[in-house]
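Chemist: Let me see the structure of the following:
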Amino acid sequence: MFDNLSDKLNAVFKKLKGHGKLTEKNIEEGLREVRLALLEADVHYRVAKKFIADIKERALGREVLSSLTPGQQVVKIVFEELTNLMGARNESLNLAGTQPVAIMLVGLQGSGKTTTAGKLAIHLRKIGKKPYLVPADVYRPAAIDQLKKVGDQLSVPVYASTSDMDPVRICQDARTAAAKEGCDTLLLDTAGRLHVDTALMNELELIRAAVDPSDILLVADAMTGQDAVNIAKAFDEALGIGGVILTKTDGDARGGAALSIKAVTDKPIKFIGVGEKLDQLEPFHPERMASTILGMGDVLTLIEKAQATVDEKKAVELERKLRKSQFTLEDFRDQMVQIRKMGSLSDILKMIPGIGGSKQLKNLKVDDRELVRIEAIINSMTPEERRRHALINGSRRKRIASGSGTSIQDVNRLIKNYTQVMKMMKKLNKSGMRGLSRGMLPF
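Modeler: Sure, this is the predicted structure:
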């Protein structure tokens with residue numbers, strides 16, 4: 001989402017760091033380029049103007065001009081101001097109130113409310129809640145069917161709405177039904193329109209009055225840029241929203257909505273949709289996003305993804321096998337599966353400090369299909385072949401290639417890479433483990 005903005009900001013910072021000593025002139029020149037980069041990213045012009053003014057005030061102060069590393073001090077200031085611009089810290093759902101509490105999802109058609117309801121259900125289950133999905137969009141029968149399919153997929157109960165029912169009554173009766181099911185949190189998927197209109201707002205106001213939701217979340221499409229900010233203002237003025245969920249941030253959005261919504265509406269972005277799959281919703285952390293924008297990586301999110309997907313017992317067993325050079329192709333496949341659960345390789349690499357903003361990464365074409373091919377090749381092997389790769393002769397390679405839909409060259413490449421890794425591990429085990437035991441790296 002922020003690739004273009006990141007490139008331009010890093011180019012500015014490189015120039016500033018190139019100056020042995022910063023002056024008011026070269027700081028102003030750099031900030032002028034930063035302002036243009038923000039406007040090109042579709043940041044609201046008033047937000048960009050204030051942001052630059054705040055940075056300039058601090059950058060021309062003693063903390064920068066008298067510093068031994070003034071360029072780095074400017075980067076530090078930009079990071080802090082970016083973080084403050086987006087809300088300073090993550091704001092969680094408001095779940096206070098008599099159970100079952102209701103969370104009301106509002107927004108225009110096509111913003112992704114129905115899918116987001118399913119994604120939020122997963123999030124609620126992770127924090128120990130029992131969600132209940134409520135299809136309240138009676139004007140688009142497909143929305144009711146879609147939410148029922150999502151509920152079936154996630155094994156989450158769904159209220160039996162039909163298109164001839166009253167939306168307000170649906171939400172009221174759903175609370176009673178949720179209590180009977182033992183659920184503590186309603187997710188109300190309300191109707192949308194192609195644009196904000198009086199009829200839509202009147203209906204949403206009636207639902208709000210009837211169920212008194214603990215939180216009202218606007219689901220906004222990041223691809224709409226500044227329009228998302230205007231939509232947030234309109235919904236907030238009518239309903240008093242508690243926050244925003246920004247969807248489709250994995251697309252070609254320029255990032256203006258993420259950088260402008262909090263400053264314009266004073267409402268936080270609580271979650272961002274990072275893909276179409278139901279598990280691709282993440283809490284929004286302003287400081288992590290600022291770090292990503294400036295090419296500093298996002299270690300905390302990477303750790304959280306690893307903790308959520310990596311089996312701890314398997315990790316301990318893997319370490320033991322690596323130390324004893326007993327790492328098989330079966331173990332290799334299991335590691336591939338866990339890496340794929342964390343997301344695309346390019347997204348994972350972006351989270352690593354020093355790599356995320358590098359030119360090498362931008363020029364690197366990471367093909368996630370390669371992991372799929374490797375997994376298919378290993379799956380085509382017999383259990384004995386996975387454990388003892390030396391058994392795989394010419395005829396077996398031909399069979400494995402045919403079974404996995406790949407070529408013999410692909411099979412040869414995988415086995416060659418695997419044997420090279422094993423040779424390297426054996427060398428480390430022979431020469432480096434004594435160093436490791438003393439707390440030293442073997443290389």
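
Chemist: Residue 231 falls within a helix, correct?
Modeler: Yes. Counting by DSSP: H, G, I helix; E, B strand; the rest coil, residue 231 falls inside a helix.

Chemist: Tell me the spacing between it and residue 107.
Modeler: Distance of residue 231 to residue 107, given as Cβ to Cβ, to the nearest Å: 8 Å. Any C-beta I mention is one placed from the backbone N, CA and C, and that applies to glycine too.

Chemist: which of these two has more neighbours?
Modeler: Taking other Cβ atoms under 10 Å, residue 231 and residue 107 do not tie; residue 107 has more neighbours (27 against 24).

Chemist: so what's the more buried one closest to, chain neighbours aside?
Modeler: Leaving aside its sequence neighbours, residue 107 sits nearest to residue 219 (Cβ to Cβ, 6 or more residues apart in numbering; 3.9 Å).

Chemist: which SS class is that neighbour?
Modeler: Put simply, residue 219 is strand when judged by three-state DSSP.

Chemist: Need the residues touching each of residue 231 and residue 107.
Modeler: Overlap of the contact sets of residue 231 and residue 107 (by Cβ atoms under 8 Å, 6 or more residues apart in numbering) consists of 218, 220.

Chemist: Residue 122 and residue 187, how far apart?
Modeler: Separation of residue 122 from residue 187 (Cβ to Cβ) stands at 11 Å.

Chemist: sorry, back to before: how about the residue nearest to residue 107, what does it touch?
Modeler: Contacts for residue 219 (Cβ under 8 Å, 6+ apart) come out as 105, 106, 107, 111, 112, 113, 116, 244, 245, 247.

Chemist: can you count the residues close to the fifth one?
Modeler: So the one you mean is residue 112. Residues lying near residue 112 (other Cβ under 10 Å) number 21.

Chemist: can I assume it is in contact with residue 246?
Modeler: No. The pair residue 112 / residue 246 is not scored as a contact, 9.7 Å apart, by Cβ atoms under 8 Å.

Chemist: can you list residues touching both of these two?
Modeler: Shared contacts of residue 112 and residue 246, defined by Cβ under 8 Å, 6+ apart, comprise residue 273.

Chemist: can you tell me how far the residue nearest to residue 107 sits from residue 166?
Modeler: According to Cβ to Cβ, residue 219 and residue 166 sit 23 Å apart.

Chemist: same deal with residue 57?
Modeler: Per Cβ to Cβ, residue 57 is found 54 Å from residue 166.

Chemist: repeat for residue 179
Modeler: Distance of residue 179 to residue 166, given as Cβ to Cβ: 20 Å.

Chemist: do residue 286 as well
Modeler: 40 Å.

Chemist: Between residue 57 and residue 166, which has more neighbouring residues?
Modeler: residue 166 (13 against 10).

Chemist: secondary structure class for the nearest residue to that one once chain neighbours are set aside?
Modeler: Counting by Cβ to Cβ, 6+ apart, residue 166 lies nearest to residue 138, which is 7.8 Å off, once chain neighbours are set aside. Three-state call for residue 138 (three-state DSSP): coil.

Chemist: okay, now residue 138: neighbour count?
Modeler: So residue 138, with other Cβ under 10 Å, has 18 neighbours.

Chemist: Could you check how far it is from residue 144?
Modeler: Going from residue 138 to residue 144 by Cβ to Cβ gives 7 Å.

Chemist: joint contacts of the two?
Modeler: What both residue 138 and residue 144 touch, as defined by Cβ under 8 Å, 6+ apart, is the set 161, 162, 163.

Chemist: Contact partners for the first one?
Modeler: It stands for residue 161. By Cβ under 8 Å, 6+ apart, residue 161 lies in contact with 134, 135, 136, 138, 144, 170.

Chemist: Tally up the residues packed near the third one, please.
Modeler: Other residues near residue 136 number 29, with proximity taken as other Cβ under 10 Å.

Chemist: My read is that it contacts residue 170, right?
Modeler: Yes. Between residue 136 and residue 170 there is a contact under Cβ under 8 Å: 5.1 Å.

Chemist: confidence score at residue 94?
Modeler: For residue 94, the pLDDT comes out at 94.

Chemist: Kindly report the same for residue 312.
Modeler: 62.

Chemist: cool, residue 434 as well?
Modeler: Each residue has a pLDDT score; the one for residue 434 is 43.
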